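[1] All I have is the shape, not the residue letters:
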């Protein structure tokens with residue numbers, strides 16, 4: 001089977017993406033753990049604001065307005081990373097099938113001798 005240049009580039013890109021995610025999935029798991037720890041730290045800080053800043057309404061409002069968006073951002077980013085990691089943990093079956101078929105066809109095809 002002869003692939004065009006664009007098809008072979010696309011196949012190479014699929015193989016590269018699959019291998020790259022298999023290497024990076026443990027980095028994503030560590031990142032998820034770190035982001036959950038940051039969320040817990042920020043939530044703990046937010047819970048202690050009324051005690052530490054008792055009677056200082058302006059500083060409490062400033063602290064809440066700083067920490068609350070950070071909590072929202074961390075939780076959204078963590079959710080996206082968790083979803084991506086779970087979805088791609090074993091790989092995309094369509095990409096795996098395409099790569100497998102292309103590799104088998106490439107191995108089975110014999111070069112054609114045009115001189116005969």
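    The structure has been received and is ready for your questions. Just so it is clear, the model here is predicted, and its values are computed rather than measured.

[2] Now do the same contact list for residue 75.
    Residue 75 sits next to residue 39 when contact means C-beta atoms under 8 Å, 6 or more residues apart in numbering. All C-beta atoms are positioned from the backbone trio N, CA, C, and that covers glycine.

[3] The top helix by length along the chain packs against which elements?
    If you go by DSSP state H, the chain has its longest helix at helix 5-47. Judged by 3 or more C-beta pairs under 8 Å, 6 or more residues apart in numbering; DSSP states H and E, helix 5-47 is in contact with helix 57-87, helix 93-108.

[4] Which other helices and strands does the last one contact?
    Read it as helix 93-108. With 3+ C-beta pairs under 8 Å, 6+ apart as the test, helix 93-108 has helix 5-47 packed against it.

[5] Distance from the chain centre to the helix it packs on, please.
    Helix 5-47 has its C-alpha centroid displaced from the chain centroid by 3 Å (C-alpha atoms, centre = their mean, to the nearest Å).

[6] Could you point out the helix or strand that follows that helix?
    The element immediately downstream of helix 5-47 (helix or strand, assigned by DSSP states H and E) is helix 49-52.

[7] where are the low-confidence patches of the chain?
    1, 109-116 (pLDDT under 70).

[8] Show me the one of the helices and strands packed on helix 5-47 that comes nearest residue 21.
    In this view, those are compared for proximity to residue 21 by C-beta to C-beta, and helix 57-87 is the closest at 9.0 Å.

[9] Report the angle between that closest one and helix 5-47.
    140 degrees (axes from the mean of the first three to the mean of the last three C-alpha atoms, to 10 degrees).
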